[in-house]
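Asker: What follows is a protein structure lacking sequence information:
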């Protein structure tokens, strides 16, 4: 792989140039959290951001978009959500999330709405530092070797820039004089030290390898009913999860006419109506059953198919769930660790 | 950044074809029969599917929903559906008349494993609207009668007026190469000449079954599966030769929207036809 160096002072000039090529989305602060946003002033960029509230998928597959415009003449495809975008500041775990979504949307049938938008989005990764929620090291998604066009490792006074694609290389060629091809031994040592320190900074871990069997063995365990009692079925875990893909399709008709739109919007399997069919039959009326489906998909199904979980350890479910049901607490409850404190807390929430 | 914007995906899997309703009439009070044809003649004639597959039908403004195909691919050109009035899309469909246009895409799903079923006995058990997908396979077997051995049909409905394709099945009873048993839970007409009782009572009517060489096909309301499977297991029919087709909510039909997920399979891709072994193996199916 081609690797180059960028002095920190040269970052904004570089972003300035590439922002002329496409909409540039960057991580910025929003109250005490972070979001991706297009900004005029690069000083707003949060180089040390933690996870953004919503995963990067929101940028190329918006929560709501039009698939077809409909008139008496028939259906007309609408790909107006597909515009050229550059996404800067994507952490390794989120790039892994995108690779999972890429694979999913390419299997069996090609989802053109996803793939077209994805193809027009360049990914500029950025290294991060774990906080108390991160567990990407457990899922081996704390490092990334593919899925990006450029990746910036944030070291002392410079970035190590890993060039992952021909389009990434094209970006560098817009102003090559900003970069320094010559890596010194000192730079490499800086990287080695940084990597060792970062690997030690993960505060907790979970044994993902144990979970598929436990999902199977504990499928009828009362823990699911107790989790179901506590779950608010709000769907937040799905909204923030970088590997959730479910959506609903709704027709929107204009008043007084035949014209309309066919809209696609994010959905969540934890919502009550998710599995309801016409006539009112609901295959997953119980919250416990819906949670089981969510966790089967995250902790079991993908592992049996691809050898790794479809959880990338970003910690968003931990940061988001109002009642503390997340991969950490559910995973630990399945394994049998930290269970008492968790149930004490859950029971307190429920009985409050 | 490259200026090119070549479309990566040549076809949009969500884009419907236009299809015309060529015939529609009531089968029962709340179930209607629809015969549709893809407007483009070439596409209509070359449309390939297998019994047990389904299609997405859409009505502008109302939405799109999955429907089992009730016709048989051995009679190409026209596609048939029997549809119960149950939600927004079906209500809109019920208001439509002959010559009206609908959106159509498919076929989707796995369908029945016809290759495996060849030269075997076929035992079909249906309840209520479950006849929709299984009529396809029944007609296919009858159209290719030499490819299958014994073919039997057990069909149950609540009341005579609710038996879908009643006349068609009464006519089929005349065939000597089909064993056809009909039952209603209760006869409120006083004129019913066939069996009275739930569909499982019809198993007593069957002649001896060659268990190793029988494929048993089931479709009906969720409550029916448990009882019918019990009978079939009692008969010792191998679990992977008990086939059932399942209903789930679907928004895309192409394995993306997630609604039809069962455990880790998608009904629209890996189903809707599953074996009883799948049911035992995978949890949540029925």
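Answerer: Cool, got the structure. Bear in mind the structure is a predicted one, so any value in this text is a computation, not a measurement.
Asker: so what's residue 182 closest to, chain neighbours aside?
Answerer: No chain was given, so I picked chain A. In space, residue A:182 comes closest to residue A:5 once its chain neighbours are excluded; the distance is 7.6 Å by C-beta to C-beta, 6 or more residues apart in numbering or on different chains. Glycine gets a C-beta too; all of them are placed from N, C-alpha and C.
Asker: sorry, should have said chain B
Answerer: Beyond its immediate neighbours in the sequence, the residue positioned closest to residue B:182 (C-beta to C-beta, 6+ apart) is residue B:194, lying 4.3 Å away.
Asker: if we can go back for a sec, from the contact counts, what lies against the helix or strand hosting the residue nearest to residue A:182?
Answerer: Applying DSSP states H and E as the criterion places residue A:5 in strand A:2-7. Counting contacts by 3 or more C-beta pairs under 8 Å, 6 or more residues apart in numbering or on different chains; DSSP states H and E, strand A:2-7 packs against strand A:158-163, strand A:179-180.
Asker: Kindly reformat those as TSV containing mean pLDDT and mean neighbour count.
Answerer: Listed next are those as TSV, based on pLDDT from 0 to 100; neighbours: other C-beta atoms under 10 Å in any protein chain shown:
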stretch	mean pLDDT	mean neighbour count
strand A:158-163	97	21
strand A:179-180	94	17
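Asker: Out of those, which is closest to residue B:59?
Answerer: strand A:158-163 (50.4 Å; C-beta to C-beta).
Asker: Contacts for that closest one, please.
Answerer: With C-beta atoms under 8 Å, 6 or more residues apart in numbering or on different chains as the contact definition, strand A:158-163 has outside contacts at A:1-8, A:11, A:125, A:148-153, A:169, A:172, A:179, A:183, A:187, A:191.
Asker: Need the buried ones from those residues selected in PyMOL.
Answerer: Applied in PyMOL, the following selects the buried portion of those according to 16 or more other C-beta atoms under 10 Å in any protein chain shown:
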select buried, chain A and resi 4+5+6+11+125+148+149+150+151+152+153+172+179+187+191
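Asker: which element is residue B:153 on?
Answerer: Short version, using DSSP H and E: residue B:153 is in strand B:151-157.
Asker: Can you give the contact residues for stretch A:118-127?
Answerer: Applying C-beta under 8 Å, 6+ apart, the contact partners of stretch A:118-127 are A:22, A:27, A:47, A:56, A:59-60, A:82-92, A:95, A:98, A:101-102, A:105, A:144, A:147-154, A:162, A:167-168, A:171, A:198, B:1, B:5, B:8.
Asker: Please pick the buried ones from the residues you listed.
Answerer: Among the contacts of stretch A:118-127, the ones that count as buried by 16+ other C-beta under 10 Å are A:22, A:27, A:56, A:59-60, A:82, A:85-92, A:95, A:98, A:101, A:105, A:144, A:147-154, A:162, A:168, A:171, A:198, B:1.
Asker: Inside strands: which ones of these?
Answerer: Of the buried ones among the contacts of stretch A:118-127, the ones assigned to strands by DSSP state E are A:27, A:85-90, A:150-154, A:162.
Asker: In terms of distance to residue B:166, which of those ranks first?
Answerer: Proximity of those to residue B:166 was ranked by C-beta to C-beta; the top entry is residue A:85 with 58.6 Å.
Asker: Next, the contact list for that closest one, please.
Answerer: The neighbours of residue A:85, taking C-beta under 8 Å, 6+ apart as the test, are A:22-25, A:59-60, A:120-122.
Asker: what's the closest of the helices and strands packed on strand A:2-7 to residue B:150?
Answerer: With C-beta to C-beta as the measure, strand A:158-163 is the member of the helices and strands packed on strand A:2-7 nearest residue B:150 (66.3 Å).
Asker: And residue B:34, which helix or strand is it part of?
Answerer: Residue B:34 is part of strand B:31-38, with elements assigned from DSSP H and E.
Asker: Note down every partner strand of that strand and its orientation.
Answerer: strand B:17-26 (antiparallel), strand B:79-84 (antiparallel) (DSSP bridges).
Asker: domains of chain A?
Answerer: Residue ranges of the domains in chain A are recorded as A:2-199, A:208-351, according to automatic domain parsing.
Asker: Worst mean pLDDT among those?
Answerer: Per-segment confidence across these bottoms out at domain A:208-351, which has a mean of 87 in mean pLDDT.
Asker: chain center to that domain, what's the gap?
Answerer: In this view, domain A:208-351 has its centroid 15 Å away from the chain centroid, taken as C-alpha atoms, centre = their mean, to the nearest Å.
Asker: Then stretch A:107-122?
Answerer: The gap between the average C-alpha position of stretch A:107-122 and the chain average comes to 16 Å, counting by C-alpha atoms, centre = their mean.
Asker: What is the end-to-end distance of that stretch?
Answerer: With C-alpha to C-alpha, to the nearest Å applied, stretch A:107-122 spans 22 Å between its terminal residues.
Asker: And the ones in strands among the buried ones among the contacts of stretch A:118-127, which is closest to chain B?
Answerer: The nearest member of these to chain B, counting by C-beta to the nearest C-beta, is residue A:86 at 7.7 Å.
Asker: mind listing the strands in chain A by residue range?
Answerer: Defined through DSSP E, the strands belonging to chain A, from first to last, are A:2-7, A:23-30, A:33-38, A:64-71, A:74-77, A:85-90, A:121-126, A:150-154, A:158-163, A:179-180, A:247-253, A:260-266.
Asker: Can you give the strand pairings for the first one, parallel or anti for each?
Answerer: What it means is strand A:2-7. Taking DSSP bridges as the criterion, strand A:2-7 sits next to strand A:158-163 (antiparallel), strand A:179-180 (antiparallel) in its sheet.
Asker: do the same with the fifth one
Answerer: According to DSSP bridges, the neighbouring strands of strand A:74-77, each with its direction, are strand A:64-71 (antiparallel).
Asker: in the strand it pairs with, what's buried?
Answerer: Going by neighbour count (16+ other C-beta under 10 Å), the buried part of strand A:64-71 is A:65-68, A:70.
Asker: Residue A:201 and residue A:129 touch, don't they?
Answerer: Yes - the pair residue A:201 / residue A:129 is scored as a contact, 6.3 Å apart, by C-beta atoms under 8 Å.
Asker: ok, the one residue in the stretch 101-250 of chain B that gets nearest to chain A - how many residues close by?
Answerer: Checking the stretch 101-250 of chain B residue by residue against chain A with C-beta to the nearest C-beta singles out residue B:249 as nearest, at 4.9 Å. The number of residues packed around residue B:249, counting by other C-beta atoms under 10 Å in any protein chain shown, is 23.
Asker: Phi, psi for it please.
Answerer: phi -70, psi 140 (degrees, to the nearest 10).
Asker: returning to that earlier point: just send the contacts of residue A:85 back as TSV, with distance to residue B:98 too.
Answerer: Shown next, in TSV, are the contacts of residue A:85 (distance: C-beta to C-beta, whole Å):
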residue	distance to residue B:98
A:22	51
A:23	50
A:24	55
A:25	52
A:59	47
A:60	43
A:120	44
A:121	47
A:122	52
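Asker: Noted, bye for now.
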